[in-house]
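A.B. asks: Predicted model follows, preceded by the sequence.
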2 protein chains.
Amino acid sequence: MKLVLGIDGGGTSCRAALATADGSVLGRAKSGAANIRTDLTGARANIVDAAQQAFVAAGRDPALIPQTPAVLGLAGANVGTYRQQLEAILPFRISRVETDAEIALEGAVGSGDGAMAILGTGTAYMARKQGKSRAIGGWGFQVGDQGSGARIGRDLLEQTLLAHDGIRRGSPLTEAMLAIFRNNPEDVVEFTTNAKPGDFGGFAPKVFDHAKKGDTVANWILDKAVADVEAALGVLDLSGTAPLCLLGGLAPLYAPRLSARYQALMKPPLDDALGGAVQMAVRLFARAAEAAR
Amino acid sequence: MKLVLGIDGGGTSCRAALATADGSVLGRAKSGAANIRTDLTGARANIVDAAQQAFVAAGRDPALIPQTPAVLGLAGANVGTYRQQLEAILPFRISRVETDAEIALEGAVGSGDGAMAILGTGTAYMARKQGKSRAIGGWGFQVGDQGSGARIGRDLLEQTLLAHDGIRRGSPLTEAMLAIFRNNPEDVVEFTTNAKPGDFGGFAPKVFDHAKKGDTVANWILDKAVADVEAALGVLDLSGTAPLCLLGGLAPLYAPRLSARYQALMKPPLDDALGGAVQMAVRLFARAAEAAR
């Protein structure tokens, strides 16, 4: 029986799934980081390790790896020539390296037209139309990731300090924030000096919470964030019926705030990114082979 | 003859000036950093060193230090109890520790009513009204320093990436910026990952340049920046005739862009921060002593 591999690799771990030609998953496994930008050979080792373990978990012989085609979704695959370098050294029968976003989109909406918005600590978008994918955003919170948890948290701290200085009108939320920092703006500054995106993003749910209670500053921040998210969605030029999936930790908080136009397109994701890699492998390797037979 | 010391200490160096009771400077000197937040005893050592050297430069005996009153303007003097700790261990007859902003204001506008806006890599404001000073801003570029060179540069990179994604309309300036980064948005992201405020601020003059040529993105960024600066000035509640001094590297670029209300108040600074410390020392110690005689 024909087998295919789906692989989802990122900066913290690498997951693999072995599946039959019809997409039924036989075994799954997980290994270490697969960051092809910072450590190509280490990424290869973890990819192969996860694949071998997936064979073992499925009760199959890992010696079959050279006969098995694989789809790999990897962060950073769109940059430079990492993709080609990696494809050249992988042990699979065929290796198709895609970005992590591409397999996430395949998992979320399947192989047809559709779009996804990743709304978490960062933000990124991808849409597929007649087989062509387009990715936007995801440039990091310092000069991008508009609408992300990190940007919402950073905006809240900025508004808190402006309220402290009397430049903007404060609110219960800005007062609560300043209290967290012992009512000392210097403590806010100290926090921001070394804060990572996730540290800023930790305050985002608080903003959604207070916005629901009518807090003016919270609603000002979120109106801007929603406008930023919708500006990005606008560029994706979504067609009338193709599904739009919101992914990431802030997805359920954003969902009720988007305008009717996007509400009408929203669908829950069909599967996760690893499932997307498996389905893409089935589509590219198993079905194609069957059709050619 | 009575002498006074003025001292201007910061994170990179400490300057001292020895002056007569009427404010004529006899000698100046410079030593290492005087950061009272991170190294109080090291700051004390550099302060004393600069003072001794100023006596030598003036051809006076440093043994007179314990008989000489001093005004010190030091960054971080408004935080915690550093000021009191330092005053307790300084060797001068009287030590009056003020913030760096306070002596900069005294230098710029003298001892009466007046205000200053520091418009450089960062931004900060201070106003004095009937002897009472009020400082606002200066919270760092991550969540403050609106209108600063760092914020203008960061805004420019953000607009450049939004234009690249088709979310905002680009301009000759955003095209020129992307070209600097080899037309590769990943290179922009790489730059921002470790960029310091001064690195972002390095792009600010370019924004003022292009704005003059009618660049839409440059003017959009600067309209926002000017609005932020004027919002801060508005809170200072400047009186009808008191001088307003713009200091910092962006001061000459901002000056023609501020509204008529502030144009009418603008005056060139009388002196620098070290001069302000000297004048304050004369005002507090020499004249007061004379008046009491």
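C.D. replies: That came in fine, so what should we check first? Numbers count the residues shown, from 1 in each chain, chains lettered A, B, ... in the order given.
A.B. asks: So residue A:28 is in contact with residue A:15, correct?
C.D. replies: Yes - with contact defined as CB atoms under 8 Å, residue A:28 reaches residue A:15; the gap is 6.9 Å. For the C-beta atoms, the positions are set from N, CA and C on the backbone; glycine is no exception.
A.B. asks: Same drill for these two, tell me which one is more crowded.
C.D. replies: Using other CB atoms under 10 Å in any protein chain shown as the criterion, residue A:28 and residue A:15 rank with residue A:15 on top: 21 against 18.
A.B. asks: sec struct for that one, please.
C.D. replies: Following DSSP: H, G, I helix; E, B strand; the rest coil, the label given to residue A:15 is strand.
A.B. asks: Who is the closest residue to residue A:13 other than its chain neighbours paired with across the strands?
C.D. replies: The shortest distance from residue A:13 to any residue that is not its chain neighbour, by CB to CB, 6 or more residues apart in numbering or on different chains, is 5.7 Å, and that residue is residue A:30. Beta-bridge pairing for residue A:30 (DSSP bridges): residue A:15.
A.B. asks: can you list residues touching both of residue A:28 and residue A:15?
C.D. replies: Both residue A:28 and residue A:15 are in contact with residue A:274, where contact means CB atoms under 8 Å, 6 or more residues apart in numbering or on different chains.
A.B. asks: Tell me where the model's unsure across the stretch 151-293 of chain A.
C.D. replies: Under the criterion of pLDDT under 70, the regions of the stretch 151-293 of chain A flagged as low confidence span A:288-293.
A.B. asks: Chain B contacts on that one?
C.D. replies: With CB under 8 Å from any CB of the partner chain as the criterion, the stretch 151-293 of chain A comes near chain B at residues A:154, A:157-158, A:161-162, A:165-168, A:185-186, A:188-189, A:192-193, A:195, A:231-232, A:234-235.
A.B. asks: Can you give me the domain boundaries for chain A?
C.D. replies: For chain A, automatic domain parsing gives the domain ranges A:3-110+A:270-292, A:149-263.
A.B. asks: where's the shortest one relative to the chain centroid, distance-wise?
C.D. replies: In terms of CA atoms, centre = their mean, to the nearest Å, the centre of domain A:149-263 is found 19 Å from the chain centre.
A.B. asks: can you map out the strands along chain A?
C.D. replies: Counting by DSSP state E, one finds strands in chain A at the ranges A:3-9, A:14-20, A:25-31, A:70-74, A:95-99, A:114-119, A:123-129, A:132-137, A:244-247.
A.B. asks: List the pairing partners of the fifth one within its sheet, with orientation.
C.D. replies: What that stands for is strand A:95-99. Under the criterion DSSP bridges, strand A:95-99 sits next to strand A:70-74 (parallel) in its sheet.
A.B. asks: what is the rounded mean pLDDT of the strand it pairs with?
C.D. replies: Confidence for strand A:70-74, expressed as mean pLDDT, is 95.
A.B. asks: in that strand, what counts as buried?
C.D. replies: Within strand A:70-74, the residues that count as buried by 16 or more other CB atoms under 10 Å in any protein chain shown are A:70-74.
A.B. asks: what do you get for stretch A:196-210?
C.D. replies: By neighbour count with 16+ other CB under 10 Å, stretch A:196-210 contains the buried residues A:197, A:200-201, A:203-204, A:206-208, A:210.
A.B. asks: just stretch A:9-24 next, same as before
C.D. replies: By 16+ other CB under 10 Å, the buried positions in stretch A:9-24 come out as A:9-10, A:14-21, A:23.
A.B. asks: picking that back up, list just the nearest of the buried residues of strand A:70-74 to chain B.
C.D. replies: If you rank the buried residues of strand A:70-74 by distance to chain B using CB to the nearest CB, residue A:74 comes first, at 15.0 Å.
A.B. asks: What residues does the residue lying closest to the closest one once chain neighbours are set aside make contact with?
C.D. replies: With sequence-adjacent residues excluded and distances taken as CB to CB, 6+ apart, residue A:74 is closest to residue A:9, at 4.6 Å. Applying CB under 8 Å, 6+ apart to residue A:9 gives the contacts A:15, A:33-34, A:36, A:43, A:46-47, A:50, A:72-75, A:100.
A.B. asks: What's the per-residue pLDDT of residue A:9 here?
C.D. replies: Reading off the confidence values, residue A:9 has pLDDT 91.
A.B. asks: still on that earlier bit, for the buried residues of strand A:70-74, name the two members farthest from one another.
C.D. replies: Pairwise distances across the buried residues of strand A:70-74 peak at 11.4 Å for A:70 and A:74 (criterion: CB to CB).
A.B. asks: which residues do the two both contact?
C.D. replies: Among the neighbours of residue A:70, those also in contact with residue A:74 (CB under 8 Å, 6+ apart) are residue A:7.
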